[in-house]
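J.: would you be able to build a 3D model of this:
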Amino acid sequence: MLRQTWIIMLLTLVSLTAAGQQTNEPYLLLRKAGTRKQVVFKEGDEIRYRLRGENYFRKSTILGLHPDTVRFHYFEVPVSDFEVIDIKGQNFQNFHYNSGGNKVIIAGVLFVVADYVSQELIRDEEGGLSGETYAIAGGIISVGIIMKLLEKRKFRPGGRYIIDIIDLRVR
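T.: Numbers count the residues shown, from 1 in each chain. Predicted coordinates:
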């Protein structure tokens, strides 16, 4: 009896997962050809962009995604009219350093904490942290800051950079 219950629960979970995947909403995919680097925007996400021929950035919420256009509050923009899309602060999926700068900065701080714990609590040594510890941690944090400064902030469609609208809904 218990085995049958587990089998039924597993089949229910699998069928619900499959049903959930079939009703996915469309999304705007910014990707670099030949790599797995990509950024995804869905309906309801806020996007900052510049259109061809304009000198300023707009900030709008995506209300609808159609095969060749993106619908905002009062207007629709053809995908080919985007000149630059600001991707700073987006949830990157293997895009540029994959927020590696933040990880390296945190690693530098954790290095200082780990050395303090090792020295004060485990080995019962007094005297505080050494200059070498501060130098190493400072170097690690500096590398993290440099990585943050080199982080890609803008996506320019054309060439290897492609904009796609993917719609997985069953019609």
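J.: the nearest residue to residue 59 once chain neighbours are set aside pairs with what?
T.: Leaving aside its chain neighbours, residue 59 sits nearest to residue 48 (4.7 Å; criterion: Cβ to Cβ, 6 or more residues apart in numbering). From N, CA and C alone the C-beta is placed, and that goes for glycine too. The partner list for residue 48 in beta bridges (DSSP bridges) reads residue 59, residue 86.
J.: distance of residue 48 from residue 58?
T.: Remark: distance between residue 48 and residue 58 (Cβ to Cβ, to the nearest Å) = 7 Å.
J.: burial count for residue 85?
T.: 21 (other Cβ atoms under 10 Å).
J.: quick one, what contacts it?
T.: 30, 47, 48, 49, 50, 154, 155, 157, 163 (Cβ atoms under 8 Å, 6 or more residues apart in numbering).
J.: swap the cut-off to 6 Å and go again
T.: 49, 155 (Cβ atoms under 6 Å, 6 or more residues apart in numbering).
J.: now it: how far from residue 56?
T.: Applying Cβ to Cβ to residue 85 and residue 56 gives a distance of 14 Å.
J.: list the beta-bridge partners for the nearest residue in space to residue 157 that is not next to it in sequence.
T.: Among residues not flanking residue 157 along the chain, residue 163 sits closest, at 5.0 Å (Cβ to Cβ, 6+ apart). Applying DSSP bridges to residue 163 gives these bridge partners: residue 30.
J.: now residue 163: how far from residue 156?
T.: From residue 163 to residue 156 the distance is 10 Å (Cβ to Cβ).
J.: look at the two and report which has more neighbours.
T.: Neighbours were counted for residue 163 and for residue 156 using other Cβ under 10 Å; residue 163 has more, 17 against 11.
J.: I figured the more buried one was touching residue 79, is that so?
T.: Yes: if you go by Cβ atoms under 6 Å, residue 163 and residue 79 touch, sitting 5.1 Å apart.
J.: show me where this structure has its helices.
T.: Counting by DSSP state H, the chain has helices at residues 2-22, 100-116, 131-149.
J.: next, the angle helix 131-149 makes with the second one.
T.: In other words, helix 100-116. 170 degrees (axes from the mean of the first three to the mean of the last three Cα atoms, to 10 degrees).
J.: counting contacts, what elements does helix 100-116 pack onto?
T.: helix 131-149 (3 or more Cβ pairs under 6 Å, 6 or more residues apart in numbering; DSSP states H and E).
J.: and the helix it packs on, how far out from the chain middle?
T.: Centroid separation for helix 131-149 versus its chain: 24 Å, with Cα atoms, centre = their mean, to the nearest Å.
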